[in-house]
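Asks: need a 3D model of the sequence below.
(2 chains)
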Amino acid sequence: MRWPFHIGIKSDFKSGSVGYEKIPPDWTGQLQLLVIQPSPFCNLDCDYCYLPDRNNTIRMELKTLEIAAKKIFSANLPARDLSVVWHAGEPLVVSRDWYESAFDILSENCSSSVRITHNFQTNGVLIDTNWISFFRNHDVRLGVSLDGPAWLHDKHRRTRDFRGTHARVMKGIDKLKETEMPFHVICVLTRESLDHPDEIFDFFSNLKPQQLCFNIEEVEAANSTSSLATNHLETEKAFRIFMTQIVKRASLLRNDHALLNDEISSVKERPTESVNRRMRIREIDDIIYALRHPAFGKQKGNSQNIPGQILNLASDGRFSTFSPELLGQIAPNIGDLSLGNVHFDQIPPNSQEKKYVLQWEAIQEGVKRCKETCSYFDLCLGGSPSNKLGETESFESTETLYCKLTKKIMIEVVLNALDNELPHRDLC
Amino acid sequence: MMTTIQKMRLTIIKLLKASLGALALIGTLPTTEANTKIDPGVTERMEDIRLRLLQVSETANKIVQEDNNIGTGELIAWNDWPNWPNYWRNY
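Replies: Have a look, this model is predicted:
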């Protein structure tokens, strides 16, 4: 059986217990996710958006990207597979000509041993046939943000003059489907969403994205409140019921892999179609994948809390590591979390750089505390620094609303389903 | 009239009381830390489910691979998703 080694579950982590490393780890060969902000501007004004500067229409100078690319690749930071995500603003407001040049800059500076995959996460309203041709020409992986049926989506995902955007997004998605362009969906769950699991599942089942990803309305960066952050016990209960129903509807086991006879027979009957036979739910897939991974139980952290695995590049050249949402944020006792600007500073930063060390030590302390106190550490690997900072104003904290809902409760729901469906040991 | 020494003693006692009060107050303040501890039962259950999952996957793979290679690619693909993991999809 082949096993993958990818982001956050690499087998070659530095040895040592979480929280006891003396100096930040080497970034060489670690970079797996490069988040680039072509422009901070967004043509929408969703009420839960975490981006602080979305009215700013500046565009990244290609010179800035070129300097960043030279520094990143000459320092051999990328891993073998590098995902470049064009986001942190609406990526489609920048012209295709700009992207053609930007892609060229990256490929010209990239060593032949690194494989770059481009990814766009878009609100979908600007998708047209020209963009689809561009995506296809460059083998772009596409994600669309869509919160379900119109009545739910339009409550939050609006234009600056408060008009809903569902109809426009669906026009874009219709074009994707007409041209058989694959896409995944990110659906943000608000408190109201939790009362409608079947309606949401039915909506996306008809849409047939490659994968459905549930984000929650998070408290982080520019979004300081959440409909999920009130009446915690009631919200947790509603989230558990919602996800239990989603897992049940997704038939995660029966259609996919676990019940052996079903698996064998379905593969025999439909060897080519079977790959797409059900809609994948990211939250379910992630947990099952982690459980099956040979390095399960041996990991020290995830890509958001280990430096150098994610690099975030702002349109003005500032850069950071750790959670992308942290770029441009301020943390108590640390200050601005940017580690410098590609025009003036080196990537990676000096390992003695005070601001970098302060971030790293605080984040590492938080991961250590998670490991010491949480039964689910091996599936979460220390949480998200941006959520810890947004909710508790500290990187050293442990449980957040984000982890309570999307990790702990989600894991319990999936484990319950697996426990019910899997044959007992030595019986299959 | 209090002597200087008596005044100093009183000041020290007041400071001590204030310090103790502050410590007591700190002890009652809510913290951001969750009152959680590792539950061995959860760990054990997770390991049991993990082993059952692996057992099914390995058995399925073996049988399908032995069966004229039908579906081998699909099952292996499941184990080696090119998109995994999907952290980037949060952004």
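Asks: what are the ranges of the strands in the stretch 201-350 of chain A?
Replies: A:211-216, A:280-281, A:310-313, A:318-321, A:330-331, A:335-336, A:340-341 (DSSP state E, counting those that start in this stretch).
Asks: CSV for these, including mean pLDDT?
Replies: Output for the strands of the stretch 201-350 of chain A, formatted as CSV (pLDDT from 0 to 100):
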stretch, mean pLDDT
strand A:211-216, 92
strand A:280-281, 83
strand A:310-313, 96
strand A:318-321, 97
strand A:330-331, 92
strand A:335-336, 93
strand A:340-341, 96
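Asks: where in the stretch 201-350 of chain A is pLDDT low?
Replies: A:220-222, A:251-278 (pLDDT under 70).
Asks: okay, now the sheet partners of the host helix or strand of A:N119, with direction.
Replies: Element membership of A:N119 [criterion: DSSP states H and E] is strand A:115-122. Strand pairing for strand A:115-122, using DSSP bridges, gives strand A:78-86 (parallel), strand A:141-145 (parallel).
Asks: what lies in contact with it?
Replies: A:80-87, A:90-92, A:103, A:106-107, A:110, A:135, A:138-145, A:186, B:88-89, B:91 (CB atoms under 8 Å, 6 or more residues apart in numbering or on different chains). Just so you know, the C-beta spots here come from the backbone N, C-alpha and C atoms, and that holds for glycine as well.
Asks: try stretch A:205-212
Replies: Outside stretch A:205-212, the residues that reach it (CB under 8 Å, 6+ apart) are A:144, A:146, A:173, A:177, A:182-185, A:187, A:204, A:249, A:276, A:279-282, A:285, B:83, B:86, B:89.
Asks: on that earlier part again, can you say which of the strands of the stretch 201-350 of chain A is packed in most?
Replies: Mean neighbour count (mean count of other CB atoms under 10 Å in any protein chain shown) peaks for strand A:310-313 among these, with a mean of 28.
Asks: and the residue in the stretch 301-428 of chain A positioned nearest to chain B, which helix or strand is it part of?
Replies: The nearest approach of the stretch 301-428 of chain A to chain B comes at A:E399, 3.3 Å away (CB to the nearest CB). Following DSSP H and E, one finds A:E399 outside all helices and strands.
Asks: that one and A:F377 touch, don't they?
Replies: No: if you go by CB atoms under 8 Å, A:E399 and A:F377 don't touch, sitting 11.6 Å apart.
Asks: could the strands of the stretch 201-350 of chain A go into CSV alongside distance to A:D195?
Replies: Listed next are the strands of the stretch 201-350 of chain A as CSV, based on distance: least, CB to CB, whole Å:
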stretch, distance to A:D195
strand A:211-216, 15
strand A:280-281, 19
strand A:310-313, 34
strand A:318-321, 37
strand A:330-331, 35
strand A:335-336, 40
strand A:340-341, 46
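Asks: separation between whichever residue of the stretch 101-250 of chain A sits closest to chain B and A:I284?
Replies: Using CB to the nearest CB, A:C213 is the residue of the stretch 101-250 of chain A that sits closest to chain B, at 5.1 Å. Separation of A:C213 from A:I284 (CB to CB, to the nearest Å): 11 Å.
Asks: can you check B:R50 too?
Replies: 15 Å.
Asks: wait, what's in contact with A:E90?
Replies: A:39, A:41-44, A:122-123, A:126 are the contacts of A:E90 under CB under 8 Å, 6+ apart.
Asks: so which of these are in strands?
Replies: The strands, defined by DSSP state E, take in A:T122 from the contacts of A:E90.
Asks: buried subset of the contacts of A:E90 as a ChimeraX selection?
Replies: Buried members of those, defined by 16 or more other CB atoms under 10 Å in any protein chain shown, are picked up in ChimeraX with:
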select /A:39,41,42,44,122,123,126
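Asks: out of the contacts of A:E90, which are inside helices?
Replies: Using DSSP state H, no member of the contacts of A:E90 sits in helices.
Asks: now the contacts of A:E90 in JSON lines, with pLDDT and distance to A:E199?
Replies: As requested, these are exported to JSON lines (pLDDT from 0 to 100; distance: CB to CB, whole Å):
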{"residue": "A:S39", "pLDDT": "96", "distance to A:E199": "35"}
{"residue": "A:F41", "pLDDT": "95", "distance to A:E199": "33"}
{"residue": "A:C42", "pLDDT": "94", "distance to A:E199": "27"}
{"residue": "A:N43", "pLDDT": "94", "distance to A:E199": "27"}
{"residue": "A:L44", "pLDDT": "93", "distance to A:E199": "23"}
{"residue": "A:T122", "pLDDT": "96", "distance to A:E199": "24"}
{"residue": "A:N123", "pLDDT": "96", "distance to A:E199": "21"}
{"residue": "A:L126", "pLDDT": "97", "distance to A:E199": "27"}
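Asks: OK, contacts around residue 42?
Replies: Looking at chain A here, since you left the chain open. A:49, A:51, A:54, A:89-90, A:93, A:123.
Asks: chain B was what I was after
Replies: A:375-376.
Asks: go with 7 Å
Replies: For B:V42, the contact set (CB atoms under 7 Å, 6 or more residues apart in numbering or on different chains) comprises A:S375.
Asks: per-residue confidence at it?
Replies: As predicted, B:V42 sits at a pLDDT of 90.
Asks: which stretch of helix or strand covers it?
Replies: Per DSSP H and E: helix B:40-66 holds B:V42.
Asks: returning to that earlier point: helix or strand right after the strand holding A:N119?
Replies: helix A:129-137.
Asks: circling back to that earlier point, closest to A:H343 out of the contacts of A:E90?
Replies: Proximity of the contacts of A:E90 to A:H343 (CB to CB) peaks at A:S39, which lies at 17.6 Å.
Asks: need the residues touching each of A:E399 and A:F377.
Replies: In contact with both A:E399 and A:F377: no residue, using CB under 7 Å, 6+ apart.
Asks: how much does the strand holding A:N119 deviate in direction from helix A:129-137?
Replies: With axes from the mean of the first three to the mean of the last three CA atoms, to 10 degrees as the basis, strand A:115-122 and helix A:129-137 are set at 160 degrees to each other.
Asks: dump strand A:115-122 to CSV, restricted to CA.
Replies: The C-alpha coordinates for strand A:115-122 follow below in CSV (Å, rounded to 0.1, in the frame of the first residue of the first chain):
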residue,chain,number,x,y,z
ARG,A,115,6.1,20.9,-9.1
ILE,A,116,3.9,24.0,-8.9
THR,A,117,0.1,23.8,-8.8
HIS,A,118,-1.9,27.0,-9.1
ASN,A,119,-5.1,27.4,-7.1
PHE,A,120,-7.7,30.1,-7.1
GLN,A,121,-10.3,30.6,-4.4
THR,A,122,-13.0,32.9,-5.8
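Asks: for that strand, list every residue counted as buried.
Replies: Those would be A:116-122, for strand A:115-122 by 16+ other CB under 10 Å.
Asks: can you pull out the helices in chain A?
Replies: Going by DSSP H, chain A shows helices at A:62-74, A:96-109, A:129-137, A:150-153, A:166-178, A:197-207, A:232-250, A:260-269, A:282-292, A:354-373, A:377-380, A:385-392, A:401-403, A:410-421.
Asks: any idea which of these is most buried?
Replies: Of all those, as judged by average neighbours under mean count of other CB under 10 Å, the leader is helix A:385-392 with a mean of 25.
Asks: give the rounded mean pLDDT of it.
Replies: Mean predicted lDDT for helix A:385-392 stands at 92.
Asks: so what's the gap between that helix and the chain middle?
Replies: Chain-centre distance of helix A:385-392: 16 Å, with CA atoms, centre = their mean, to the nearest Å.
Asks: same thing with stretch A:328-341?
Replies: With CA atoms, centre = their mean, you get 21 Å for stretch A:328-341.
Asks: what's it in contact with?
Replies: Under CB under 7 Å, 6+ apart, the answer for stretch A:328-341 is A:52, A:221, A:314, A:317-321, A:326-327, A:349, A:355-356, A:358-359, A:389, A:393, A:395.
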